[in-house]
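Trainee: Here is my input; please provide its structure:
(2 chains)
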Amino acid sequence: MNVSFILILLLFGAIATYFAGDQLAKKVALVFSLASVAGSIYIFNQHMAGIDTNFRENWISNPNLFIALKVDGLSVAMLLLTTALTSIILFSSFGNQYNNSKNFYALVMFMSFAMVGTFLSADAFLYYIFWELSLIPIYFIALLWGNGDAEERKKAIIKFFIYTLAGSLFMLVAFIYLFQKAGSLLIGDLYAIHLSGQEQFWIFLALFLAYAIKIPIVPFHSWQANTYQKAPAAGTMLLSGIMLKMGLYSVIRWQLPIAPVAAKMYMDVFIGLSVAGVIYGSVVALKQKNIKKLLAYSSLAHVGLIAAGAYTLTLDGLRGAVLQMIAHGFVVVGLFFAAEVIERRFNTQEISEMGGIRIQDNKFASMFMIVMLASVALPSTFNFIGEFTLLYSLYNANIWFAILAGTTIILGAVYMLKMFQHVMLGEAGAKVFKAVTTQETIVFVVIIAVLLFFGLYPKPINDLITPALQEIVTKINRQ
Amino acid sequence: MNTLIAISGLGILSLIAEIFNARKAIVPMTIIGLLAILGLTASEFGLDKGYYNNMVVVDKFSSAFSCLFIIITIFLVAMSHDFYKNQSTKISDFVAIKVFLLAGAVAMVSFGNLSMFFLGIEVLSIALYILAASNRLNLKSNEAGMKYFLMGSFASGIILFGICLVYGATGSFDLKAIYQVIHYSNFPQWYFIGIVLLLIGMLFKIATVPFHFWAPDVYEGSPALTTATMSSLAKIVAMAALFRLVVKLLPVQSYSFQVIIVCVAIASMLVGNIMALRQNNVKRMFAFSGISHAGFMVMTLLCLNNAASVLLYYAAAYAVAGIAFFAVVIYVTREKQNETIDSFNGFGKTHPLLAGILTASLLSMAGIPILAGFFAKFFLLNQLIQTGWIVLVIVAVIASIISVGYYFKIILALYTKDSEQNLPAVPLAYQIVAVLALLLNILIGLFPGYVLNLLG
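Mentor: Down below sits the predicted model:
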């Protein structure tokens, strides 16, 4: 059985969810999503056993395009991340009541389908289609089920849409150019072509535009905070947990190996931009009064660090980037879920209107605390391993980058602890905080379990991704 | 040739049906007839042959485009019954005019002689003038018809003048004879003036900048079904005819010709998209969006060797999206004076299926995968990069980004606003046309090879 069945399963899941009706939709979606997790684990086992589950079929003969799916350590890791997080996100939104929930859950499933497709594609054309396809569901999720004033929301969401679309169209141009050179868009053929330094520079830049907007890297980040704030909780989690990983993944999979010379030549510039994002995100987060915006900026800082690590072009940097992508995915979903849990009870996102929660619900306070500490990379959490590896790789590139990027840990601790203090501590106010439900607890427990388990024992993931990354580093260093 | 005869016969038949009081049978009969003609045309595919001293030359190009035109006409005729409900005594006229229009369209892609070409263009244009003014109690429709007639006949005159100059230079209307002259002997330089005049006339018919001024007014004033005919059928017919003309009359392109095409394409894409952003009337917006799409299609003239299939694909994708779009627009705006975007407020909640179709066709025109519009843009840009005009590619990309702005204006109205209006039940014909057009759109999106390989 090859890997395409996961895609079919998810697509079928989206359709089944739509036809299940408003009552059953969420359950059907969760069942299919859990089935896709099982499928991913099966693919993982097959991969570890050395069984080939790639898929390749000719799609369009002229021009020469394929439906090709590639299974290696990197894509399996992202596949597991996507399917697992989709299940968690679906389950976490059980506590919300959405109008037209069949549409909502069907869109979430469809988005999961598109994102899995992006991570698996080995033909740039197919990859581009999935990349664009993932934009449509999140646009509607954020637009129709988001919160806040409808007019402002519309503006924020359309800005996000046009930004990302603009970036990806330049990526399309780059791919078309590469197609003229290689005669096919299969990833292997793209790796094999020889481009002059000048060509590589323009290709690199076009791809950078697409990925920098998606990740986002400063100065292409201005869509992010507003969109995160306006989107519904599930949408924010999808965006921050998985979708921006598409950008980071693409840097590693497509951008660096296709244009390595440009990547090396301008390495300092791109690391510099990423590190600027780290500092900018942290500093701005200090000033935020809205909890979702604060988390959005902290996310900006973290992904900046991941991008910086990837642009060092070393095995350590790439490994740290992938580890931290996974860790950040789980942590950020946990954080946004915590914000959502509070919003369900207090009906606000303003930090100043919160407080006094720990006295009323100790259990929630502890769980939030653990997730929050993981986010500031406390040792023994998964994030510590990721950030440590990233900072180490930056240190090897240039000590100043490491020092500057290292501020994220200090500043991160400052704004996170401050936020925790204002949100959770203090006397119980007039507002009553109902104790967290079992369903909410399960979400936190799963996330915390993942973060602690891989924090203490990261070897399985390390073993999974290292050979694939090693191969990519070889490609980057080819002459 | 058989296609042309059969279509003309069908048109006369639907006029006769009126005499025998078979008004109700006209639309079904015409659709069945057109389906049969479609089968006939498809069966003759690949048969290269000239008829009547090469007046008509049937080749792959003409057959493929004829099939496309017939399919679109079937959609348009299928919507006629409900659209002309209030003028049911004239239904045979309207259907017959559409069928004759199709005959003109087929003549325009299968001509072997410039006089045949001109005949086709006149049949098509006169049919359109009538259709534009067909709502004779409406002032706007009258204005549109008059405007279109004045401007269009002027353009026809220019085309005719161009043909005369070509004749004067080469001594023949026959394309083969002209080919002989321009390849193997000296010919006067006014031949190229003739070509330029032909080009101007055709660019007018396609509505590209700077010959686009008639389009928004005429599109807005005409009855909606006529607007649909103009934008989806007439535009691609004129484009295909221009492509054939340039292939036959200008086999070797000079740099200056390329520069003209590049300028026209850039101006059309930018002006069309930027002006569309500011429109509040859906038909006007579609007129400007059509101008920008014309800019895209004109770019195929830069790479004549292998662009025929790309043009066919782009035209098909654009036309089916336009048909689905208009099937919904006609339904929504039927009772209204103005086709403002507000008419669509809350439509997504009351009619999820039609709203979904409208959304999909708009996304297709904006070039979002997996719909056909995306593949059309991809194949077109792919061809363009080979010609070396990178600047065109960049402008095309920027134009696509701008276009998202106004296509999404409608999508936003569909889903985020609340409506106070009560619409009558959806006529079945519109629903079927919209669903079929969307299915066709998705199918040629998923299997683009079937269309692309037609013209190899």
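Trainee: does any bit of stretch B:360-371 sit next to chain A?
Mentor: Yes. Taking C-beta under 8 Å from any C-beta of the partner chain as the criterion, stretch B:360-371 and chain A are in contact, through B:363, B:368-370. Where C-beta positions appear, they are placed from N, C-alpha and C, glycine not excepted.
Trainee: Of these, which is the most crowded?
Mentor: Highest neighbour count within those, by other C-beta atoms under 10 Å in any protein chain shown: B:P369, with 25 neighbours.
Trainee: Who are the contact partners of that one?
Mentor: B:P369 makes contacts with A:128-129, A:132-133, B:375, B:445, as judged by C-beta atoms under 8 Å, 6 or more residues apart in numbering or on different chains.
Trainee: what do you get if the cut-off is 7 Å, keeping everything else the same?
Mentor: By C-beta atoms under 7 Å, 6 or more residues apart in numbering or on different chains, B:P369 lies in contact with A:129, A:132-133.
Trainee: now swap in B:G373 and tell me
Mentor: Neighbouring residues of B:G373 by C-beta under 7 Å, 6+ apart: B:317, B:321, B:364-367.
Trainee: One more pass at 10 Å, please.
Mentor: B:293, B:314, B:317-318, B:320-321, B:360-367, B:400, B:441, B:445 (C-beta atoms under 10 Å, 6 or more residues apart in numbering or on different chains).
Trainee: So which of those are in helices?
Mentor: B:293, B:314, B:317-318, B:320-321, B:360-366, B:400, B:441, B:445 (DSSP state H).
Trainee: farthest pair in those?
Mentor: B:V320 and B:S400 (18.7 Å; C-beta to C-beta).
Trainee: Just give the number of residues close to B:L139.
Mentor: Residues near B:L139, counting by other C-beta under 10 Å: 10.
Trainee: Just confirm it contacts B:Q337, I think it does.
Mentor: No. Between B:L139 and B:Q337 there is no contact under C-beta atoms under 10 Å: 11.1 Å.
Trainee: Please identify which residue in the stretch 351-456 of chain B comes closest to chain A.
Mentor: The minimum distance from the stretch 351-456 of chain B to chain A, using C-beta to the nearest C-beta, falls at B:P369 (4.0 Å).
Trainee: Low-confidence ranges, the stretch 51-200 of chain B, go.
Mentor: Within the stretch 51-200 of chain B, no range satisfies pLDDT under 70.
Trainee: And the strands in it?
Mentor: All strands of the stretch 51-200 of chain B, identified by DSSP state E, counting those that start in this stretch, fall at B:56-58.
Trainee: tell me the helices in it, going along the chain?
Mentor: Counting by DSSP state H, counting those that start in this stretch, the segments of the stretch 51-200 of chain B that form helices are B:60-83, B:91-109, B:114-132, B:139-170, B:175-184, B:190-206.
Trainee: again, but for the stretch 351-456 of chain B
Mentor: Using DSSP H, counting those that start in this stretch, helices in the stretch 351-456 of chain B cover B:352-366, B:372-387, B:390-416, B:428-446, B:448-452.
Trainee: report the angle between the axes of the fourth one and helix B:60-83?
Mentor: Right, helix B:428-446. Using axes from the mean of the first three to the mean of the last three C-alpha atoms, to 10 degrees, the direction of helix B:428-446 lies 150 degrees away from that of helix B:60-83.
Trainee: List the buried residues in helix B:428-446.
Mentor: For helix B:428-446, the neighbour count (16 or more other C-beta atoms under 10 Å in any protein chain shown) marks B:429-431, B:433-434, B:436-438, B:440-442, B:444-445 as buried.
Trainee: and chain A, which of these reach it?
Mentor: For chain A, the contacts drawn from the buried residues of helix B:428-446 by C-beta under 10 Å from any C-beta of the partner chain are B:G445.
Trainee: Any chance of TSV for the buried residues of helix B:428-446, columns distance to A:T466 and pLDDT?
Mentor: Below are the buried residues of helix B:428-446 laid out as TSV (distance: C-beta to C-beta, whole Å; pLDDT from 0 to 100):
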residue	distance to A:T466	pLDDT
B:A429	62	91
B:Y430	58	93
B:Q431	56	93
B:V433	56	95
B:A434	53	95
B:L436	52	96
B:A437	51	95
B:L438	47	95
B:L440	48	95
B:N441	45	95
B:I442	41	94
B:I444	44	92
B:G445	39	91
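Trainee: and which of the buried residues of helix B:428-446 is nearest to A:I279?
Mentor: Nearest to A:I279 among the buried residues of helix B:428-446, with distances taken as C-beta to C-beta, is B:G445, at 44.4 Å.
Trainee: burial measure for the residue nearest to the closest one when sequence neighbours are not counted, as a count.
Mentor: Of all residues not flanking B:G445 in the chain, B:A372 sits nearest, at 4.2 Å (C-beta to C-beta, 6 or more residues apart in numbering or on different chains). Neighbour count of B:A372, defined by other C-beta under 10 Å: 29.
Trainee: Run a quick check on B:A372 versus B:G322, I expect a contact.
Mentor: No. The pair B:A372 / B:G322 is not scored as a contact, 11.6 Å apart, by C-beta under 10 Å.
Trainee: intersection of neighbour lists for these two?
Mentor: Contacts common to B:A372 and B:G322, judged by C-beta under 10 Å, 6+ apart, are B:361, B:364-365.
Trainee: I am finished for the moment; much appreciated.
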